[in-house]
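S.K.: Predicted model follows, preceded by the sequence.
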Amino acid sequence: MVEPILVVTDVADDETYRIVNDGLAGHGVEQAGYWDSRPLYVNVQDASDQRILGGIVGRTSLGLMFIELVFLPEELRNRGLGTRMLQMAEQEAVRRGCCAGVLYTISFQAPAFYQRHGWREFGRVACHPPGTSRIFMTKDLPRAE
């Protein structure tokens, strides 16, 4: 086999995603006997036109919920929406059989918010700007009834 070419890019590519995801899924089935990775979204939508205003982007896989992105516009903050979004994501993860959740936030973002909701820090990595850290958090989820 000819040596492959490696390319770094910042352009999203559906084919690359499909190939990597399908390859990982196949390996997961070989190792775990199954592969259950599924996207998990909690959308915040405008009531008048259903336009997406913010939400949670994540996934569930092999008993874990991963929260990847969380955003609410400034005008929607401090109204309980973040709490409700997080609870909805956690409830759906439990329904899917997850036993824990994992996320990371930045020290200037929302670590205190997650701590108030039972998440705990398990790691921290310094990043930019100086004095800032990525904070990795986890939460044990209740068993589904």
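M.R.: Looks like it arrived, so ask away. Numbers count the residues shown, from 1 in each chain.

S.K.: And what about Gln91, helix, strand or coil?
M.R.: Classification of Gln91 by DSSP: H, G, I helix; E, B strand; the rest coil places it in helix.

S.K.: so what's it scoring on pLDDT?
M.R.: pLDDT for Gln91: 97.

S.K.: ditto for Met1
M.R.: 87.

S.K.: How about the secondary structure of the spatially most central residue of the chain?
M.R.: In the chain, the residue lying closest to the centroid (C-alpha atoms, centre = their mean) is Ile67, at 1.8 Å. Here Ile67 is strand, with the state taken from three-state DSSP.

S.K.: Next: Val44.
M.R.: Classified using three-state DSSP, Val44 is strand.

S.K.: Show me the beta-bridge partners of Met137.
M.R.: Beta-bridge partners for Met137, by DSSP bridges, are Leu103, Glu121.

S.K.: what's near enough to touch it?
M.R.: Taking C-beta atoms under 8 Å, 6 or more residues apart in numbering, we find Met137 in contact with Val102, Leu103, Tyr104, Thr105, Pro111, Tyr114, Gln115, Trp119, Arg120, Glu121, Phe122. C-betas here are computed from N, CA, C, even on glycine.

S.K.: With Asp22 as the reference, measure out to it.
M.R.: Distance, Met137 to Asp22, by C-beta to C-beta, to the nearest Å: 30 Å.

S.K.: re the thing from before, right, and the residue nearest to the centre of the chain touches Gly58 too?
M.R.: Yes: with contact defined as C-beta atoms under 8 Å, Ile67 counts as touching Gly58 (4.4 Å).

S.K.: Mind listing the shared neighbours of the two?
M.R.: Joint contacts of Ile67 and Gly58 (C-beta under 8 Å, 6+ apart) are Ala89, Leu103.
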